[in-house]
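# Attaching a predicted model along with its sequence, questions to come.
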There are 2 protein chains.
Amino acid sequence: MAQVNPILEAFNQTPYPVTGNSKYSVQLLLDAFERMDGDTDSDIYGNGKLIEDFQSKMAAFLGKESAVFFPSGTMAQQIALRIWSDVLGKKKVAYHPLCHLEIHEKDGLKELHHLEPVLLADKDRLIALSDVAEMTEDISCLLLELPQREIGGQLPAFEELEAIAELCRSRGIKLHLDGARLFEVLPYYGKTAEEVCALFDSVYVSFYKGIGGIAGAILAGGQAFTETSKVWKRRHGGDLISLYPYIVSSDYYFERRIGKMPHYYAAAVELASLYNGCAALKTVPEVPVSNMFHVHADAAKETLVDVMLELYKETGIGLTRNINAVNDSSCYYEVSLGDRYEAIPKALLQDAFRRLNEKLMSAK
Amino acid sequence: MAQVNPILEAFNQTPYPVTGNSKYSVQLLLDAFERMDGDTDSDIYGNGKLIEDFQSKMAAFLGKESAVFFPSGTMAQQIALRIWSDVLGKKKVAYHPLCHLEIHEKDGLKELHHLEPVLLADKDRLIALSDVAEMTEDISCLLLELPQREIGGQLPAFEELEAIAELCRSRGIKLHLDGARLFEVLPYYGKTAEEVCALFDSVYVSFYKGIGGIAGAILAGGQAFTETSKVWKRRHGGDLISLYPYIVSSDYYFERRIGKMPHYYAAAVELASLYNGCAALKTVPEVPVSNMFHVHADAAKETLVDVMLELYKETGIGLTRNINAVNDSSCYYEVSLGDRYEAIPKALLQDAFRRLNEKLMSAK
């Protein structure tokens, strides 16, 4: 059974939750299907107009020849790395030490695909051009995550990205994009998805981060790559008879939110500045480059939880749904902005941060 | 792009399609969610009341300690065989030559789990007690599929099943049930799901065969087994942030159809008898033991397709959505019965079979 998390419970009770798009509830599905014609044919094992149309649409949006809908990014990305490793006849791939595949997938890449990851860069910084240049291992594929989520959503300069792509091309290394939050960084880069994806041989994007769908992912690349990915999708057990519950909702929320990414980004910049005005708190990055950032606190997790519970009660503002301990005297949490932010009255929000600052000062 | 299949197109146009429950359309989802409260919390990565309640319900129905919801049976069954192989430290498993894992999963079991299947029995008959008794290979697990779909949905006598289970137990071999169509055979056995599952160490059941849901599967067994299966579900990329579109619809159609299995079985017996009265046709099994059977024709596929297209046009009765060639002079198709059968006027159906017989006689 799930354990009770007091800060999550309290967050869900606040009239003004600040982060995310909406509560994770069945309403997400009901909204997405409200105007759907029940007579629409299901997709059947990867075939049919419903899935093929969405795949074509996303291939075009990402500027790739072809795209395949997957139930999850975990499945799509392991498969991408496996395909490139098989193509090049190599067993090694490279990624960041805090890559999703390294810390959130129970070692699926190693246990199922027997691939050996080379961890580039330190945990607390981005992979730099020099890391790639100095790498001595013979790898098939480099995975870059834009933005690097586990360090608050940081991004390399676009020029550095171009230089890394150029270096990989010259060395025969395939470049894969973990674009779980790709849509969210386009406003900062001032680029289209197609312009960013042009640097990569294969691309994964997600539909339940900034887009706020139920679940689902797209893997895009050349035709031969995506055809092979369908074989692996079947092997993984991801070629369901019908994936339309995720496809319809992905498309619905994509249409509803893809144009709002600049607002979410601006909201993150504004909110981070409020956080950075508070005693004992700082954001990483200091100035966000997407809709997300991390908040680091020089305070024990228990202290900050108590402060937040008081604050939510007094102000009705919910700042975060969970807090992670780093050690006995520091903690952090992730902030990710969506539709909810613009509904928060600015005066209330500013008052909440005044109180937060006072509480943290007196808690010291 | 999907190829046009004339018989499928014609079948979908008939006012009286005989097989299945309904068209594969989005209406399946709309019906299942019609009375759903939008405020219901989503399941989140395998946790939450929605998924836990359904898992508990199915564990109780199957008489197992614990159950886990999976997006697909392909994923659930590979994982079951992997767990038993790891537990016993063996690389070999045994199943029928026409097992789903052998012919429909692009060798996922071999490519992802590096397990070696031992194929028991001939393609055209069931695994018998003697096959297990004479097996010399040292296997971790025997998979039995009830009914054996690819040979028309055949079943061993329950006493033989008990004897196989006893033999496996005495030899330390785990017994896994591919129960994709388990619910459909309970009326013939005259047993509860719990009574059948008691013979097996682990059990998979599906919610889109006779139950007619959108997709989804349950894997059930002891607590240690199902806990380990959750780790592998994450590795496979099946631990989606939310699986509720499949869980809610599985539960909805389970409630709607679990009590109708005796009707579907009786319908299959009745329809098979009509088929067996036709020239050049015979069913396997001759007398069905579930809601399904195969129809074998001493006729070229092209001949039978032409006959069916005429028949559908003349009578409005749709008998099958596809026909598979065996060789130049024979073909077969699968029949699986559900809600639609009882809506067919009996006189129309009998007239259709009279005409079918005449057409086949004159096509000879």
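The structure has been received and is ready for your questions.
# A:Leu186 is in contact with A:Thr192, correct?
Yes. Assessed by C-beta atoms under 8 Å, A:Thr192 is found in contact with A:Leu186 at 6.9 Å. All C-beta spots, glycine's among them, are computed from the backbone N, C-alpha and C.
# Double-check that A:Ala94 belongs to a helix.
No. Secondary structure of A:Ala94 (DSSP: H, G, I helix; E, B strand; the rest coil): strand, not part of a helix.
# Please name the spatially closest residue to it (chain neighbours excluded).
Closest residue to A:Ala94 apart from its sequence neighbours, by C-beta to C-beta, 6 or more residues apart in numbering or on different chains: A:Val118 at 4.2 Å.
# More neighbours: A:Thr192 and A:Leu186, which one.
Relative neighbour count places A:Leu186 above the other of A:Thr192 and A:Leu186, with 19 against 13, counting by other C-beta atoms under 10 Å in any protein chain shown.
# What distance do you get for the more buried one to chain B?
23 Å (C-beta to the nearest C-beta, to the nearest Å).
# Got the phi and psi for the residue nearest to A:Ala94?
phi -100, psi 120 (degrees, to the nearest 10).
# Would you quantify the distance from it to chain B?
20 Å.
# Then A:Leu155?
In terms of C-beta to the nearest C-beta, A:Leu155 sits 24 Å off from chain B.
# surely that residue meets A:Pro187?
No. Under the criterion of C-beta under 8 Å, A:Leu155 makes no contact with A:Pro187, lying 11.4 Å away.
# And A:Leu144, its phi and psi?
phi -110, psi 130.
# Actually, A:Pro285.
Dihedral angles (degrees, to the nearest 10) for A:Pro285: phi -70, psi 160.
# Can you report how many residues neighbour it?
By other C-beta under 10 Å, the residues close to A:Pro285 number 18.
# tell me the contacts of it?
A:Pro285 sits next to A:152-154, A:272, A:293 when contact means C-beta atoms under 8 Å, 6 or more residues apart in numbering or on different chains.
# in the longest helix along chain A, what counts as buried?
Ranked by residue count under DSSP state H, the longest helix found in chain A is helix A:346-363. Residues A:349, A:352-353, A:355-357, A:359-360 are the ones in helix A:346-363 that count as buried (16 or more other C-beta atoms under 10 Å in any protein chain shown).
# can you give me the helices for the stretch 251-364 of chain A?
A:261-276, A:301-315, A:346-363 (DSSP state H, counting those that start in this stretch).
# pLDDT value on the residue in the stretch 251-364 of chain A positioned nearest to chain B, please?
The nearest approach of the stretch 251-364 of chain A to chain B comes at A:Arg321, 11.0 Å away (C-beta to the nearest C-beta). We note a pLDDT of 96 for A:Arg321 in this prediction.
# Settle this for me: it is touching A:Phe11, isn't it.
Yes. The criterion here is C-beta under 8 Å, and A:Arg321 meets it with A:Phe11 at 4.3 Å.
# Could you tell me which residues touch both of these two?
Common neighbours of A:Arg321 and A:Phe11, using C-beta under 8 Å, 6+ apart, are A:Pro17.
# Have a look at those two and say which one is more surrounded.
Per other C-beta under 10 Å, whichever of A:Arg321 and A:Phe11 has more neighbours is A:Phe11, with 23 against 18.
# which secondary structure elements does the strand or helix carrying that one contact?
If you go by DSSP states H and E, A:Phe11 is part of helix A:6-13. If you count contacts as 3 or more C-beta pairs under 8 Å, 6 or more residues apart in numbering or on different chains; DSSP states H and E, helix A:6-13 packs onto helix A:301-315, strand A:317-318.
# May I see the buried residues of the first one?
The reference is to helix A:301-315. Within helix A:301-315, the residues scored as buried using 16+ other C-beta under 10 Å are A:301, A:303-308, A:311-312, A:315.
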